[in-house]
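> any chance you could fold what I've pasted below:
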Amino acid sequence: KGSSDLSGSQSIMEEDDEVREVCLQTLESLVITCKGNISEYIESMRQLALEKLKYDPNFLASDEEEDEEFEDFEEDDVFDEEEFEGFESDDDDDFYDDEYSDYDPDMSWKVRKAASKLLAAIIESQQADQLDIIYVEAVPVLISRFKERVHLVKQDIFNTFIVTLKQTKRAIELGQTNIEEKLRNEIPNIIKI
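Numbering: from 1, shown residues only. As a prediction, the model looks like this:
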């Protein structure tokens with residue numbers, strides 16, 4: 001009975017992720033096609049996109065946590081081969097493969113991908129004088145997601161950042177020098193990644 005409950009709740013989570021993905025795609029379509037008519041909702045859509053861009057319920061460990069695990073390991077520590085008897089090293093590549101397919105049970109990557117596309121549409125639809133808030137709220141989140149583990153999502157995150165850079169160039173050409181300064185302030189954060 002316990003395993004059927006788990007598979008049932010996993011199925012519900014997958015369906016929820018599919019609904020989230022479709023909702024975000026719908027919002028993206030609205031932003032692209034109804035730019036002027038939805039301006040009062042752009043703020044809440046941007047907040048939703050940023051929230052869902054970070055949505056990764058099945059991935060708990062951060063890079064810092066992984067580093068802390070290995071700090072305690074000393075060179076003198078003994079590796080016990082008996083613990084890993086029967087472990088095939090040829091399977092290592094398959095074990096660490098981060099690509100997801102349509103058959104993968106974790107569908108949350110589709111939510112992050114749709115959120116990134118929604119954010120790109122929002123940034124592209126913004127006037128040059130509205131980029132200040134993008135640099136305050138969205139750019140730090142985008143930069144932090146450069147470490148995304150799913151390549152398809154990472155590609156869309158980079159595309160969203162490129163849209164931001166194009167809008168930045170347009171704003172600078174219109175004489176908004178403060179945007180150029182905000183971009184320069186983010187360069188150290190980008191280099192850390």
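> using PDB, list the CA coordinates for the helix or strand hosting Asn185.
Using DSSP states H and E, Asn185 falls within helix 177-192. In PDB, the C-alpha atoms belonging to helix 177-192 read as follows (Å, rounded to 0.1, in the frame of the first residue of the first chain):
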ATOM      1  CA  THR A 177      24.100  55.300 -18.500                       C
ATOM      2  CA  ASN A 178      22.900  54.000 -15.100                       C
ATOM      3  CA  ILE A 179      22.100  50.700 -16.800                       C
ATOM      4  CA  GLU A 180      25.600  50.300 -18.100                       C
ATOM      5  CA  GLU A 181      26.800  50.800 -14.500                       C
ATOM      6  CA  LYS A 182      24.400  48.200 -13.300                       C
ATOM      7  CA  LEU A 183      25.700  45.700 -15.900                       C
ATOM      8  CA  ARG A 184      29.300  46.500 -14.800                       C
ATOM      9  CA  ASN A 185      28.400  45.800 -11.200                       C
ATOM     10  CA  GLU A 186      27.100  42.300 -12.200                       C
ATOM     11  CA  ILE A 187      30.400  41.300 -14.000                       C
ATOM     12  CA  PRO A 188      32.100  40.000 -10.800                       C
ATOM     13  CA  ASN A 189      29.000  37.800 -10.100                       C
ATOM     14  CA  ILE A 190      29.200  36.400 -13.600                       C
ATOM     15  CA  ILE A 191      32.900  35.700 -13.400                       C
ATOM     16  CA  LYS A 192      32.400  33.700 -10.100                       C
END
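> quick one: mean pLDDT over it.
Mean pLDDT, helix 177-192: 88.
> buried ones in it?
If you call a residue buried by 16 or more other C-beta atoms under 10 Å, then helix 177-192 has these buried ones: 179, 182-183, 186. Where you see a C-beta, it was placed from the backbone N, CA and C, and this is true even at glycine.
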